[in-house]
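# Only the shape, not the letters, is given here:
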């Protein structure tokens, strides 16, 4: 799926889905944007060594050839990830027999100076 809005929500497919992989591309064409912020509202996947079963890989760019920001599994709530540019690519792989709740992630375009903290 492709998302070009300045903000939105990405959710994992429902339990029982017959797909083993899902892909999302988030992109902003706003010339003033400095990145895309992801906030993990809910993230409950199988917690395995090296995230070998269910996992979400986030790439810092438009495709799988982009640098990997991280590979995530287990339980996370409130965590954030920000891109270095105007695109993110997310790849969700699931193979475990016991399907947990999945995830809901908010995305939003951020602008230079918005994320400065002191």
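Alright, I've got the coordinates. Being a predicted model, the structure only gives us computed values, none of them experimental.
# Please enumerate the helices of this structure.
For the chain, applying DSSP state H gives no helices.
# which one's the longest strand in it?
Longest strand in the chain, counting residues (DSSP state E): strand 33-44.
# what comes into contact with that one?
9, 26, 28, 56, 58, 72, 74-88, 100-112, 114-115 (C-beta atoms under 8 Å, 6 or more residues apart in numbering). Where C-beta positions appear, they are placed from N, C-alpha and C, glycine not excepted.
# What about residue 60, how many residues nearby?
19 (other C-beta atoms under 10 Å).
# Could you write me a PyMOL select line covering just the buried ones among the contacts of strand 33-44?
PyMOL command restricting the contacts of strand 33-44 to the buried ones, with burial defined by 16 or more other C-beta atoms under 10 Å:
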select buried, resi 26+28+56+58+72+76+81+83+86+87+88+100+102+103+105+107+108+109+110
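# Mind checking which of the contacts of strand 33-44 are in strands?
Using DSSP E, the contacts of strand 33-44 in strands are 9, 26, 56, 58, 72, 80-82, 87-88, 102-111.
# so what's residue 9 up against?
41, 104-107 are the contacts of residue 9 under C-beta under 8 Å, 6+ apart.
# Can you tell me how far residue 26 is from residue 93?
Separation of residue 26 from residue 93 (C-beta to C-beta, to the nearest Å): 18 Å.
# ugh, typo on my part, it should be residue 35
Relative to residue 93, and taking C-beta to C-beta, residue 35 is found at 25 Å.
# what about the two, which has more around it?
residue 35 (21 against 18).
# Report the beta-bridge partner residues of the more buried one.
residue 110 (DSSP bridges).
# ok, it to residue 112 distance?
Taking C-beta to C-beta, one finds residue 35 at 9 Å from residue 112.
# Give me the distance between residue 85 and residue 69.
Distance from residue 85 to residue 69, by C-beta to C-beta: 11 Å.
# Need the overlap of contacts for these two.
Taking C-beta under 8 Å, 6+ apart as the contact rule, residue 85 and residue 69 both touch residue 60.
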